[in-house]
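Asker: structure for this input, please:
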Amino acid sequence: MFFISLFIVNKSLNTIIAENNKVIIKGSNIDFILRLLKKADKRNAPKIVINKDRSKSIIYKKNNYQKTLTQKELLYLIKNPESYLYEEKFIKETLNFLNNLGISLILTDFQKENGSAYWLPINKLIKIDKKAINSGSLTFARILNHEMIHIAQSCKGGSINSIPELIGINEKMNEEKHILLKSKVYKNLSKYEISLEKEAYSYQDNLSAGKYLIKKFC
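Answerer: So this is what the prediction gives:
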C-alpha cells in the first residue's frame, strides 16, 4: 500500500552564487547549469520512500495547475523516468545563441524582486532567479523562451535595446497563465505591459517560438 504525497524542492544553491551575488551564464558555466538542472529533475521525479512505520509513500513535485497523478501513473514514471534531453539541448543552444547576440545572462538571488526572470533591454541582460534551477529543465527552458519573446518584442520596438513593443501574435492563454498575470508579480504593470506578458506567456511553451521571433524581428 502506497501513500501519495507532494513536496516542494527548496534546496539552497548558495554554493553556486559568487561573492558578488551572481553567476554569469557563459562558456563552461553553461554545462555547470545543465548539471544542476539534471540534478533538480532527478529530485523532482516521483520516488518511493520508506516511512518510520515501514509503510511506503510515493512523493513527487507538482504545481497547483497540474492534475494529481494516480498511483499507477506514478509507478509507471518511477520505472520509466521522463527524459529532458530535448529541453537540455534547447537550453544549451539557447544560452550560446543569446551569448552570441551579445546578451548577458546572470543567475542571481532575487531577494526583493518577484518573478523568475527579467529582460533588461537597456543593459542587454537577462536576470534569472537562482531558485528557478530547482524547478528543473522543462521550467527553466520555458523561462528562457519567455524572455526570448520579450527580446523579440524589443527588436519590434526598434532594436534589442529598445522598450518592448507588441508583436501582434495571437494570444493563447490558459487558466494557469491568467491567474499568474493577476498575481502580485504583475500588480504594478500597465495594461500595455500586461499585454506584452500575455504574448510571452502565450508562446513560452513552444520552444521554437523565441528563436524564430528573434530571427524575424532582430
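Asker: ok, how many other residues are close to the spatially closest residue to Asn96 that is not a sequence neighbour?
Answerer: The shortest distance from Asn96 to any non-neighbouring residue, by C-beta to C-beta, 6 or more residues apart in numbering, is to Ile30 (7.0 Å). (C-beta placed from N, C-alpha, C; glycine too.) The local packing of Ile30 (other C-beta atoms under 10 Å) involves 18 other residues.
Asker: so how far is Ile50 from Ile30?
Answerer: Taken as C-beta to C-beta, to the nearest Å, the spacing of Ile30 relative to Ile50 amounts to 37 Å.
Asker: who's in contact with Leu207?
Answerer: Leu207 sits next to 86-87, 90, 141-142, 145 when contact means C-beta atoms under 8 Å, 6 or more residues apart in numbering.
Asker: and the nearest residue to Gln204 once chain neighbours are set aside, what is it in contact with?
Answerer: Distances taken as C-beta to C-beta, 6+ apart put His146 closest to Gln204, at 4.0 Å, once the chain neighbours are dropped. Going by C-beta under 8 Å, 6+ apart, His146 touches 117, 200-201, 204, 210.
Asker: again with Ser154
Answerer: By C-beta under 8 Å, 6+ apart, Ser154 lies in contact with 119, 121, 160-165.
Asker: equivalent analysis for Ile25, please.
Answerer: 33, 95, 105-107, 128.
Asker: and these, which is closest to Tyr76?
Answerer: Ranking the contacts of Ile25 by separation from Tyr76, with C-beta to C-beta as the measure, puts Ile33 on top at 29.5 Å.
Asker: how near is the closest one to Asp109?
Answerer: Looking at Ile33 against Asp109, where the rule is C-beta to C-beta, the gap reads 15 Å.
Asker: more crowded one of the two?
Answerer: Of the pair Ile33 and Asp109, Ile33 is the one with more neighbours under other C-beta under 10 Å, namely 20 against 15.
Asker: tell me which helix or strand the more buried one sits in.
Answerer: Under the criterion of DSSP states H and E, Ile33 resides in helix 28-44.
Asker: burial of Gln153, as a residue count?
Answerer: Look at Gln153: counted by other C-beta under 10 Å, it has 24 neighbours.
Asker: the contacts of Leu207 into TSV, with extra columns for secondary structure and distance to Ile25?
Answerer: Formatted as TSV, the entries for those read as follows, by DSSP: H, G, I helix; E, B strand; the rest coil; distance: C-beta to C-beta, whole Å:
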residue	secondary structure	distance to Ile25
Tyr86	helix	20
Glu87	helix	16
Phe90	helix	14
Ala141	helix	14
Arg142	helix	16
Asn145	helix	15
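Asker: please consider this matter closed, and thank you.
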